[in-house]
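A.B. asks: Just need the structure, nothing else, for what follows:
(chains A, B, C and D)
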Protein chains: 2
Amino acid sequence: MKKLMTPPPPVRSLRPDRPAPSEVAPPVPRGATLQQVADAAGVHRSTASRALNPETAGMISPDVVARVAGTAQSLGYRRDMLAASLRTSRTRLVGMLLPDLGNPVFAPILAGVEAALAEHRYAVLVAHAPNDANALELLESLVARRAEGVILATAHAHDPVLVRCIELGLPTVLINRADPDRRLPAVTPDDREGMRLVVQHLVGLGHRCIGHLAGPQDASTGLLRAEGFQSAMKEAGLALGPVGVADAYTREAGQAATERLLDTRQGLTAIAAANDLLALGAMRTLSARGLSCPGDVSVTGHNDMPLVDMVQPPLTTIRILHDRIGREGARLLLARIASPDAPPVQIRTPPELIVRASTATSPGVRALALAKGE
Amino acid sequence: MKKLMTPPPPVRSLRPDRPAPSEVAPPVPRGATLQQVADAAGVHRSTASRALNPETAGMISPDVVARVAGTAQSLGYRRDMLAASLRTSRTRLVGMLLPDLGNPVFAPILAGVEAALAEHRYAVLVAHAPNDANALELLESLVARRAEGVILATAHAHDPVLVRCIELGLPTVLINRADPDRRLPAVTPDDREGMRLVVQHLVGLGHRCIGHLAGPQDASTGLLRAEGFQSAMKEAGLALGPVGVADAYTREAGQAATERLLDTRQGLTAIAAANDLLALGAMRTLSARGLSCPGDVSVTGHNDMPLVDMVQPPLTTIRILHDRIGREGARLLLARIASPDAPPVQIRTPPELIVRASTATSPGVRALALAKGE
DNA sequence: GTGAAAGCGCTAACAT
DNA sequence: ATGTTAGCGCTTTCAC
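C.D. replies: Predicted structure coming up:
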């Protein structure tokens, strides 16, 4: 049928040493191929393959292994992962979808992911989807490149990307933000606990009328921090605090939301923001209104981003271990790639309260102390 | 064992909806293959290939194109870039080697690179080599994955990575830092011009005794900014300024180098730092010595990193268009991939002086003005 | 322990 | 305009 063999064409013409510079195709620099190594070492390419793979080198006699390794070395051979991946269906590649590289939390997360994956010889394909623009398209391209899994730092409520990942059966880990339905493993800061630490701190300073400057409520950070704030207030025996919702994690949105918050409730002595940038926005609004921080109003942030210790006043905030979140996320993803049907784990990293100068004893307590003649 | 299943399993010839969890091999989720699409559409796979590729769809009759596209759609077919790449030797993949994701300049650079590459359907493989640890190894892994080129943000003097790239004939672009020998194309901020703007600004404020807080001299930024500083001083008719060299771009190193700088030369009224973090370190040292900024000593930075407008006093600095550096770098790399033998271009992005409150009229000028009874 | 042969999924001559 | 054929470079049964 198809296999009517012609005269024996067993000879494989070796590729020319210097491939003639083709007109239009870019002359990609290529090293030696396995076939060439095998030929030079006088063995079959399958033998060479086995000899060079630590997993299978045991099948081959030590002297052959040595010889092949030697010729490979001298020919500058590098295993072509592309071809190997096609054959084995293992690419050792994962994709990472980032919502906003402008936000300084993502760089250390990426660093953590990269470091943890590199330890397992995996590589990271970075895709950036500012304000979710064509995130789905980017996801598809990661799949087309046979990423073995993806890390999503972008998840928000009813995220189509997340749905698509599930639909594809693609190993996926959420990072920084979680899926409210817990369908996928996630690594997030312990947002509720962070807000609890903040509220406790403020209450300890004598504050009773505390407002929350909330982040966008379609992201888990915004939602959970708002919840954490209210439950900590309740726990402290205080009434639910007033809330101003910012529509983005920016200083400008923080300023605007603080305006609303201050208008909503008179006599606020402290503002717990869902994020450092929001807190900095709050400080601006306060000073614009002639209020001092922390004299009149204490302010707290969340994230401990670089330089918030140098602003005036230095910001009391919650430190998040972003690097560690990245590492854990990578670890989880590798676990999920290995066993995709294991139940999705939720990891929360512990927050740490960093007390600086933007929080102080509440004006009431100070007045009282003063009255006591201290 | 636990899984002694009862009746004979019904035969499922098609791949099971839920792939049975295999013992060790990860069940990678795969879509339809081109062959399957071709079969379903009743054409040969090469025809299907041509029909689905916009470049070659012209060769195929419109109705066949439509039919193939339809079946592809309904089967959820996605071209496997891995296989295509193996065949065509074009991966549309580039690697990016980053020295320090902790430094906030690199996130926007990465964003720029990613955005520019995505426009050409290229993807970015990110490798992180903090303090150059195994940078060479990372480079090799990028090559093994057949990256068509690399963007190095890591280059320093006599960089082995750079040498290896040249040796491999791998299309390479340097970013943020340049190769002193100009063997490779590079996109950098115009460091000399930036320092010139700074010095002019300070001289305009009446400063005459200006010191330079230099960065590491094995990176082009450190070197060029120091050179730019001195040549601008000369241009302004001033003597060479004293220099304190920091051994890293950190606040701590900036503090230490400022100590040395202040000890070297009495009567300094301004410090031009090579970088914002160094400038912040300088401010610390000044305040530790009871000197006020800008009252006694003016300070300038370089980069305009996030939040330096919020520190006290807000930092006068040079704004670098990091995002644009990334974009230009990507553009250059694509050009180099297309024609590797073109002469290496050097692009410098224009700096912009951002005047804030860390610089003020020199004490001498102020005293004079005062004496004049103003 | 090693070689032979098949094939991962795709594209690109070379035929018609 | 479409089908045939031959690989890209590698791994992996299956034989011996």
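
A.B. asks: okay, stretch A:212-226 in CSV with CA atoms only?
C.D. replies: The C-alpha atoms that make up stretch A:212-226 are tabulated as CSV, following Å, rounded to 0.1, in the frame of the first residue of the first chain:
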residue,chain,number,x,y,z
HIS,A,212,-12.7,51.1,56.6
LEU,A,213,-11.3,52.2,53.3
ALA,A,214,-12.2,49.2,51.2
GLY,A,215,-10.8,48.0,47.9
PRO,A,216,-12.7,46.8,44.9
GLN,A,217,-15.3,44.3,46.0
ASP,A,218,-15.0,42.0,43.0
ALA,A,219,-11.5,40.9,44.1
SER,A,220,-11.1,38.6,47.0
THR,A,221,-8.7,40.9,48.8
GLY,A,222,-11.2,43.7,48.8
LEU,A,223,-14.0,41.5,50.0
LEU,A,224,-12.2,39.5,52.6
ARG,A,225,-10.5,42.5,54.1
ALA,A,226,-13.8,44.3,54.4
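
A.B. asks: Check the secondary structure at residue A:147 for me.
C.D. replies: Three-state call for residue A:147 (DSSP: H, G, I helix; E, B strand; the rest coil): coil.

A.B. asks: what about it, neighbour count?
C.D. replies: Per other CB atoms under 10 Å in any protein chain shown, the neighbour tally for residue A:147 reads 25. Just so you know, the C-beta spots here come from the backbone N, C-alpha and C atoms, and that holds for glycine as well.

A.B. asks: now the nearest residue to it once chain neighbours are set aside: how far from DNA strand C?
C.D. replies: Nearest residue to residue A:147, sequence neighbours excluded (CB to CB, 6 or more residues apart in numbering or on different chains): residue A:95, at 4.1 Å. From residue A:95 across to DNA strand C, the span is 19 Å (CB to the nearest atom of the strand, to the nearest Å).

A.B. asks: which ones are touching residue A:95?
C.D. replies: By CB atoms under 8 Å, 6 or more residues apart in numbering or on different chains, the contact list for residue A:95 reads A:124, A:125, A:126, A:127, A:139, A:142, A:145, A:147, A:149, A:150, A:151.

A.B. asks: if you set the cut-off to 7 Å instead, what comes out?
C.D. replies: A:125, A:127, A:142, A:147, A:150 (CB atoms under 7 Å, 6 or more residues apart in numbering or on different chains).

A.B. asks: Need the phi and psi values for the closest residue to the first one other than its chain neighbours.
C.D. replies: Leaving aside its sequence neighbours, residue A:125 sits nearest to residue A:95 (CB to CB, 6+ apart; 4.6 Å). As for residue A:95, its main-chain torsions (degrees, to the nearest 10) stand at phi -100, psi 150.

A.B. asks: ok, so what distance separates residue A:95 from residue A:113?
C.D. replies: 11 Å (CB to CB, to the nearest Å).

A.B. asks: so the residue nearest to residue A:147 bridges to which residues?
C.D. replies: Per DSSP bridges, the residues bridged to residue A:95 are residue A:125, residue A:150.

A.B. asks: One more: residue A:348?
C.D. replies: Under the criterion DSSP bridges, residue A:348 forms beta bridges with residue A:188.

A.B. asks: And residue A:318, by the same measure?
C.D. replies: Legend: beta-bridge partners of residue A:318 under DSSP bridges are residue A:353.

A.B. asks: neighbours of it, just the number please.
C.D. replies: Applying other CB under 10 Å, I find that residue A:318 has 26 neighbouring residues.

A.B. asks: List the contacts of it.
C.D. replies: Taking CB under 7 Å, 6+ apart, we find residue A:318 in contact with A:194, A:197, A:198, A:302, A:304, A:351, A:352, A:353.

A.B. asks: Excluding chain neighbours, what is closest to the first one?
C.D. replies: Translated: residue A:194. Residue A:194's closest residue in space is residue A:351 (CB to CB, 6+ apart), at 3.6 Å.

A.B. asks: Residue A:192 is in contact with the one you found, correct?
C.D. replies: No: judged on CB atoms under 7 Å, residue A:351 makes no contact with residue A:192 at a distance of 9.3 Å.

A.B. asks: okay, the two: which has more neighbours?
C.D. replies: residue A:351 (25 against 19).

A.B. asks: With chain B as the reference, measure out to the spatially most central residue of chain A.
C.D. replies: Geometric centre of chain A, nearest residue: residue A:109, 4.4 Å, by CA atoms, centre = their mean. Residue A:109 sits 9 Å away from chain B, taking CB to the nearest CB, to the nearest Å as the criterion.

A.B. asks: All set now, cheers.
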